[in-house]
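[1] Structure of the sequence below:
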Amino acid sequence: MASQGTAPPARAGIVRIVAASLVGTTIEWYDFFLYGSAAALVFNSLFFPSSDPLVGTLLSFLTYAVGFAARPLGGVVFGHYGDRMGRKKLLVISLLMMGGATFAMGLLPTHATIGVGAPVLLTVLRLVQGFALGGEWGGAVLLVSEHGGDKSRGFWASWPQAGAPGGNLLATGVLALLAAVQSEEAFLAWGWRVPFLLSGVLVMIGLWIRISVTESPVFLEARREAEAAAAAEGAEEQPPVVEVFRKSWREVLTAIGTRFGENISYYILTAFVLVYVTVHLDLPKSDALNAVLIGSAFHFVTIPLWGALSDRMGRRPVTLIGALGMAGWAFAFFALVDSRSFPVISLAVTVGLLFHGAMYGPQAAFISELFDTKVRYSGASMGSQLASIIGGALAPIIAVELLKDYDSALPVALYMSAAAVVTAVTVHFARETRGRDLTADETAAPAPHPAPEREGSVPLGG
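    This is a model prediction of the structure:
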């Protein structure tokens, strides 16, 4: 495909696209993380009652993992239709599915009311959440990546990434506020339902914003050329998922490895830490929630800065900073949390999330740049969501089990550090993608490792 590269975007246009993606991803991550926080704090007693708090929490996190199991399926389905029908339509569908499932969770009867039916219904809704999120990430980052110019893609594409801490900030903040103003009895009786029901309002806002954006010009041009080629040759197009595994399986593996350490560290820093602080250290849940709240605020602000830095240094160097930093910080993290001091716990979470942001910020542009347009939604979604199963889905479960078996955080720190090393090794051997022309077909002939450019650096956001 001949091309002169992806043109630099008009600022007003790209800001509107970024805003739509950021609002949408923030709402979807709010819904998804709300479950994770509730699983650590209330679902263990309301839906999985047990005499052992850690056993109840473990069962609660198993349904949390079910949402991750549905994400690759969502990635395949949304990726297929997103590569055929467009990014925008599928993003609207994913938002409606996620919001509907979360709102319904707020209406569920508990185990005390209907017995075993309560956790079954909760699990079904969690599957819907996971399926929807499996299609959300790929579409949101691609819509921005394909609208943005080649030289500033890292900055613009990192904004949907900021939707993750943005959603976590909202979810944790609402839970922290309710926990602060309510008694324990009131929070368990009905207060926990409020943030789930609030999702209905947030989805309507996100839907209104998301419908207003335009489809990706890179996708529209690729579809026109693919349809013309298919008509001229009389050949039927292969499903995108088939094309991904036939031509781009190396890129899928690269995406999985890139996300592995990032995924595991994030869910230990934000979900498992709630269990560790409240159950193992027997501190108030407000300490854990507020520490994650503070860390998420810094995380939200710094992710775009890491993305912008990747436009100057390259995707690989910035990701390596985060991966190697996390590999070392894993040990300091638990040592600081064990201090039982709220300011020190907050510092531990915040620094951990800063290292995570260095991996996460460049990731949207990096994974988008690995794949050609006709399979980009499918490839990016499958790579990222397969990583979520072996990474994020199991992370809280493995961490809780390690804590339960050894009564020590050291095994959890070793697990977290080893995962970060996997990401560092993957990125070290990956090819640099910074500045790739997204309209060009490069899968058939991967480019060598280019040296980072030193000239023509783009001002922040420019």
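[2] can you give me the helices in the stretch 151-300 of the chain?
    Ranges of helices within the stretch 151-300 of the chain are 153-161, 163-181, 184-186, 193-211, 217-233, 240-247, 249-267, 273-275, 285-313, based on DSSP state H, counting those that start in this stretch.
[3] Deepest in the core, which of those is it.
    helix 153-161 (a mean of 30; mean count of other C-beta atoms under 10 Å). The way it works is simple: take the backbone N, C-alpha and C, and place the C-beta from them, glycine included.
[4] What helices and strands are in contact with that helix?
    helix 11-41, helix 117-147, helix 285-313, helix 363-370 (3 or more C-beta pairs under 8 Å, 6 or more residues apart in numbering; DSSP states H and E).
[5] Which SSE is immediately downstream of the third one?
    Where DSSP states H and E defines the elements, the next helix or strand beyond helix 285-313 is helix 315-337.
[6] tell me the contacts of Ala179?
    Ala179 is in contact with Leu41, Phe187, Gly191, Lys285, Ser286, Leu289, counting by C-beta atoms under 8 Å, 6 or more residues apart in numbering.
[7] I'd say the second one and Leu178 touch.
    Yes - at 6.0 Å, Phe187 and Leu178 qualify as touching, with contact defined as C-beta atoms under 8 Å.
[8] rewinding a little: any idea which of the helices and strands packed on helix 153-161 is most buried?
    helix 363-370 (a mean of 29).
[9] quick one: average pLDDT of that helix?
    Helix 363-370 comes out with an average pLDDT of 91.
[10] ok, then the element right after that helix?
    Of the helices and strands lying after helix 363-370 in sequence (DSSP H and E), the nearest is helix 376-388.
[11] which strands and helices sit next to that next one?
    helix 53-85, helix 117-147, helix 240-247, helix 249-267, helix 363-370.
[12] Compare those helices and say which comes out lowest on pLDDT.
    Looking at the helices and strands packed on helix 376-388, the weakest mean confidence is helix 53-85, a mean of 75.
[13] ok, then the element right after that one?
    Helix 53-85 is succeeded, C-terminally, by helix 87-105 (DSSP H and E).
[14] ok, residues contacting the next helix or strand after that next one?
    Proceeding N to C from helix 87-105, the next assigned helix or strand is helix 111-114, under DSSP H and E. Residues outside helix 111-114 that contact it (C-beta under 8 Å, 6+ apart): Leu46, Phe47, Phe48, Pro49, Ala118, Pro119.
[15] pretty sure the third one is touching Val120, no?
    Put plainly, it is Phe48. No - counting by C-beta under 8 Å, Phe48 sits too far from Val120 to count as a contact (11.6 Å).
[16] thinking again about what came up before, which of the helices of the stretch 151-300 of the chain sits closest to Leu438?
    Nearest to Leu438 among the helices of the stretch 151-300 of the chain is helix 217-233 (5.3 Å), distances taken as C-beta to C-beta.
[17] so what does that closest one touch, helix or strand wise?
    The contact analysis (3+ C-beta pairs under 8 Å, 6+ apart) places helix 217-233 against helix 117-147.
[18] I'd like to check the angle between the helix it packs on and helix 163-181, please.
    Angle, helix 117-147 to helix 163-181, by axes from the mean of the first three to the mean of the last three C-alpha atoms, to 10 degrees: 140 degrees.
[19] rewinding a little: could you dump the helices and strands packed on helix 376-388 to TSV with distance to Leu394?
    Formatted as TSV, these follow (distance: least, C-beta to C-beta, whole Å):
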stretch	distance to Leu394
helix 53-85	7
helix 117-147	14
helix 240-247	23
helix 249-267	8
helix 363-370	20
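[20] which stretches of this protein have low pLDDT?
    1-12, 36, 40, 50-61, 64-65, 148, 226, 229-231, 233-238, 441-462 (pLDDT under 70).
[21] Go ahead and flag the most central residue of it.
    Nearest residue to the geometric centre of the chain (C-alpha atoms, centre = their mean): Ala164, 5.7 Å.
[22] ok, it touching Leu22?
    No - taking contacts as C-beta under 8 Å, Ala164 lies outside contact range of Leu22: 10.5 Å.
[23] Gly391 contacts Phe260, correct?
    Yes - if you go by C-beta under 8 Å, Gly391 and Phe260 touch, sitting 5.0 Å apart.
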